[in-house]
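In: curious how this folds, go ahead:
(chains A and B)
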Amino acid sequence: MKDESDHDLELTSPLVPLFVITNGRSLPPDHAYERTTLVSAHEGASARARTLSPEARQVLDLVSDGFLSVAEVAAHTHLPLGVVRILLAELEENGLVLTRKPVPRAERVDRELLNAVLDGLKARFGA
Amino acid sequence: MYLDSGVSTAVKILVVGHFGVGKTTFIGSISEIEPLRTEEEITEASIGFDDLSGTPDKTTTTVAMDFGRLTLSDEIVLYLFGTPGQERFKEMWEELSRGALGALVLVDPERLSESFPVLDLVERFGLTYAIGVNHFDGTPVYPLSEVREALNLPANTPVVSCDVRDQRSSAQALITLVNHLLSLTD
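Out: Presented below is the predicted three-dimensional model:
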């Protein structure tokens, strides 16, 4: 049964303290969900997930149609970044979302990657 | 709204500068999405408080940050994070600088002294950077060499003139930064 309406979500966030939204969980280590980590729901995850908080449901639904960065998830849901990280940890533990971690910082920045970035910028802006 | 399904590599560049220097305008001029905003809580130690109990007195502040996105190839997406250049945000800088390709430091030639704390942070976090000298309507165009001298920059740090409202000009500043990053891998 679908019992989540947008109206309820709108009402819940501002009135419920953050520790309730996150079920008292604390922040996962920062690097686990950097703002450029890309997130998407597994296929059928939304239907499988039954006992999510409205906020976790909101996050899951948002990433059900494709990949977004953690920063975009926070911006679109209007939830603080710290809360989004905790909700994502919960969703990932339950096997509902998959993540693509950003490129780790190398001793020297990868030349190939920089060249690809440069080519991309030039192609896009005709410079 | 969603990334192309093949995009697997997210990179980031920080667009830093003091309040009002034009970070959000810069991001808005070249981002493929409307600039978005994150909100996060940071804790900061209160200043000038003699603490004898061992528990530092801390206050919590909410910081809003704007960012944009540029898909650069089938696989690569670039995120641009407008990053406030105040010392009290250094907690955020730690995460933001991790894995960043580099930083574009926007400066206002009329308020150069306000850029010193920003440059301090950029250097402390080991970010390679280029300087974009924003020029607004009616501002005299300063010779870039004067800006370089006033900011006491290393000789190889690129300094470019930049109109943050103009897409091509903003893109050129980013390209200058990436060329500089490449030159350092030789």
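In: buried set for stretch A:41-51?
Out: Within stretch A:41-51, the residues that qualify as buried are A:41, A:42, A:45, A:49, counting by 16 or more other C-beta atoms under 10 Å in any protein chain shown. All C-beta spots, glycine's among them, are computed from the backbone N, C-alpha and C.
In: residues contacting the last one?
Out: The contact partners of residue A:49, by C-beta atoms under 8 Å, 6 or more residues apart in numbering or on different chains, come to A:56, A:57, A:60, A:91, A:94, A:96.
In: in what helix or strand does residue B:61 lie?
Out: In this structure, residue B:61 sits in strand B:58-71 according to DSSP states H and E.
In: what's the first helix or strand after that strand?
Out: By DSSP H and E, the next helix or strand past strand B:58-71 is strand B:76-84.
In: partners of that following strand in the sheet?
Out: Take DSSP bridges as the rule and strand B:76-84 pairs in its sheet with strand B:9-17 (parallel), strand B:58-71 (antiparallel).
In: who touches residue A:99 in this structure?
Out: Under the criterion of C-beta under 8 Å, 6+ apart, the neighbours of residue A:99 are A:33, A:37, A:38, A:39, A:88, A:92.
In: that one belongs to a helix?
Out: No - going by DSSP: H, G, I helix; E, B strand; the rest coil, the assignment for residue A:99 is strand, not a helix.
In: measure it to residue A:73 for me?
Out: For residue A:99, the distance to residue A:73 equals 11 Å [C-beta to C-beta, to the nearest Å].
In: list residues touching both of these two?
Out: Shared contacts of residue A:99 and residue A:73, defined by C-beta under 8 Å, 6+ apart, are found at A:39, A:88.
In: now do the end-to-end distance for stretch A:46-58.
Out: Start-to-end span of stretch A:46-58 (C-alpha to C-alpha, to the nearest Å) is 10 Å.
In: still on that earlier bit, helices - which of the contacts of residue A:49 land there?
Out: Residues of those located in helices (DSSP state H): A:56, A:57, A:60, A:91.
In: which of the residues you listed lies closest to residue A:126?
Out: Compare each of the ones in helices among the contacts of residue A:49 with residue A:126 using C-beta to C-beta and the shortest gap goes to residue A:60, at 39.3 Å.
In: all strands for chain A, in order.
Out: Ranges of strands within chain A are A:38-41, A:68-69, A:97-100, based on DSSP state E.
In: looking at these, which is buried most?
Out: Neighbour counts (mean count of other C-beta atoms under 10 Å in any protein chain shown) averaged over each of those peak at strand A:68-69, with a mean of 24.
In: before we move on, the earlier item: which one of the contacts of residue A:49 is nearest to chain B?
Out: Nearest to chain B among those is residue A:60, at 14.4 Å by C-beta to the nearest C-beta.
In: isn't the closest one right next to residue A:96, touching?
Out: Yes - the criterion here is C-beta atoms under 8 Å, and residue A:60 meets it with residue A:96 at 5.9 Å.
In: ok so, going back, hmm, which two among the buried residues of stretch A:41-51 are most spread apart?
Out: In terms of C-beta to C-beta, the buried residues of stretch A:41-51 reach their longest pairwise distance at A:42 and A:49, which sit 9.9 Å apart.
In: who touches both of the two?
Out: By C-beta under 8 Å, 6+ apart, residue A:42 and residue A:49 have these common neighbours: residue A:96.
In: no further queries at this time; thank you.
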